[in-house]
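Enquirer: Got a predicted structure plus its sequence, pasted below:
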Amino acid sequence: MKPAFVPLLAVAAFATCAGAAFALAPSPAVETRAARGFVLAPPVLSEGAQGLNLRGGVCRTSQSALRPVAIRLERLDAQGVVLATRTTPVSGALSPRSRGCAFYSARTDWRASADETLRVTALTAPDLDR
């Protein structure tokens with residue numbers, strides 16, 4: 001097994017174990033976008049009292065100068081119009097030399113239906129200004 005895939009397996013295992021009892025039915029489509037040199041696993045979604053709960057991870061696959069510092073979640077309607085957003089910090093070390101993973105969790109005050117899409121984007125510091 002190539003070392004670059006080990007962090008991705010760790011995120012996949014976390015997502016599978018953490019979300020086994022909390023899966024949404026029916027689930028919205030999930031689209032992920034990671035910074036170059038990183039992989040962003042689709043988050044585990046569960047329904048909370050007020051909205052959605054999300055947990056996931058981002059792992060380094062190669063050396064990169066810009067590491068993700070936050071995750072932006074966007075709720076899109078069927079036409080791709082952004083209905084709501086939520087930004088949450090990434091916790092954990094993603095130093096330029098390590099191939100480790102960092103994790104995030106977020107709660108929203110909204111729910112997404114099966115015909116909507118959740119876009120999850122790993123943001124670097126310059127992206128936060130956009």
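Expert: Noted; the coordinates are in hand.
Enquirer: and residue 125, what pLDDT?
Expert: What the model reports for residue 125 is a pLDDT of 74.
Enquirer: Skipping adjacent residues, who's closest to it in space?
Expert: In space, and not counting its chain neighbours, residue 125 is closest to residue 69: 5.5 Å by C-beta to C-beta, 6 or more residues apart in numbering. The C-beta positions use only the backbone N, C-alpha and C, and glycine is treated the same way.
Enquirer: Check residue 126 too.
Expert: Per C-beta to C-beta, 6+ apart, closest to residue 126 is residue 66, 7.2 Å.
Enquirer: Wait, the one you found touches residue 35, no?
Expert: Yes. Between residue 66 and residue 35 a contact is recorded at 6.1 Å, counting by C-beta atoms under 8 Å.
Enquirer: any shared contact partners between the two?
Expert: residue 124 (C-beta atoms under 8 Å, 6 or more residues apart in numbering).
Enquirer: What residues are bridge-paired with residue 40?
Expert: residue 58 (DSSP bridges).
Enquirer: Give me the neighbour count for it.
Expert: 21 (other C-beta atoms under 10 Å).
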